[in-house]
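Student: Quick one, structure for this:
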Amino acid sequence: MKLSLIAAGMLAAVSGTALAASNVTLYGVLDAGVTVSKQHGGSTLVNMSNGNWLGNRWGIKGEEELGGGNNVFFKLEQGFELSSGKEASEGKAFNREAALGLNGSWGTFAMGRFGGLSSDSGSYSILGGAPYTTSFSTIGNMYSAFYLTDRYDNSVVYQTVIS
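Tutor: Sure thing, here's the model as predicted:
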């Protein structure tokens, strides 16, 4: 009995702290379509397609002011297939980005899982958009035009501020 009261008190304290955070955002992208294909002499196939323009994802991000122009932030982002609800990367929660960091007038320092600099994925890509593409199935996807990196675990990022 005494143990359950202590546990209930701890749970109330933790949930009260979580509710006090005012700069937390839950976000996502849902992108699906219908694909119709037919090969010569074959039957027509109609399928639901996932992520035609953007990858399906949901995420939570937040930021807390520390004072003196400095902030602490986090971002957790998970990709999934809309048609089945299956994880985009089996067995890896928050496969798109998982980050904890600090920022201020001096720049940004973050640790976690990020897209590579040339991946066109995540918060720290240096490419930021496709100049052209070579395939109808990869509209806006830079993999169709360039050799690119992927996402990396256990990464450390420092981004300076240019004034």
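Student: so how many other residues sit close to Thr25?
Tutor: If you count neighbours by other CB atoms under 10 Å, Thr25 ends up with 10. Just so you know, the C-beta spots here come from the backbone N, C-alpha and C atoms, and that holds for glycine as well.
Student: so it is in which element?
Tutor: If you go by DSSP states H and E, Thr25 is part of strand 24-29.
Student: Any buried residues in that strand, and which?
Tutor: Buried residues in strand 24-29, counting neighbours by 16 or more other CB atoms under 10 Å, are absent.
Student: now that strand: mean pLDDT?
Tutor: The average pLDDT for strand 24-29 rounds to 92.
Student: ok, now stretch 60-78?
Tutor: 94.
Student: Make 20 the first number, not 1, from now on.
Tutor: Yep, numbering from 20; the last one is stretch 79-97 now.
Student: which other residues reach it?
Tutor: 40, 42-46, 76-78, 106-107, 112-124, 129, 142 (CB atoms under 8 Å, 6 or more residues apart in numbering).
Student: Give me the subset of these lying in strands.
Tutor: Among the contacts of stretch 79-97, the members found in strands (DSSP state E) are 43-46, 76-78, 116-123, 129.
Student: hang on, the earlier thing: is it possible to mark the buried ones in the contacts of stretch 79-97?
Tutor: Buried residues within the contacts of stretch 79-97, defined by neighbour count using 16+ other CB under 10 Å: 76-78, 107, 113-118, 120, 122, 129, 142.
Student: and which of those residues is nearest Val65?
Tutor: The shortest approach to Val65 among the buried ones among the contacts of stretch 79-97 belongs to Ala107, at 23.3 Å (CB to CB).
Student: was I right about that closest one contacting Trp77?
Tutor: No. Using CB atoms under 8 Å as the test, Ala107 is too far from Trp77 to be in contact (11.0 Å).
Student: Please identify every residue contacting each of these two.
Tutor: Common neighbours of Ala107 and Trp77, counting by CB under 8 Å, 6+ apart, are 97, 99.
Student: Can you convert the buried ones among the contacts of stretch 79-97 into a markdown table and add a column each for distance to Thr179?
Tutor: Shown next, in a markdown table, are those (distance: CB to CB, whole Å):
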| residue | distance to Thr179 |
| --- | --- |
| Arg76 | 28 |
| Trp77 | 31 |
| Gly78 | 25 |
| Ala107 | 31 |
| Phe113 | 26 |
| Asn114 | 28 |
| Arg115 | 25 |
| Glu116 | 20 |
| Ala117 | 23 |
| Ala118 | 17 |
| Gly120 | 14 |
| Asn122 | 11 |
| Ala129 | 13 |
| Ser142 | 15 |
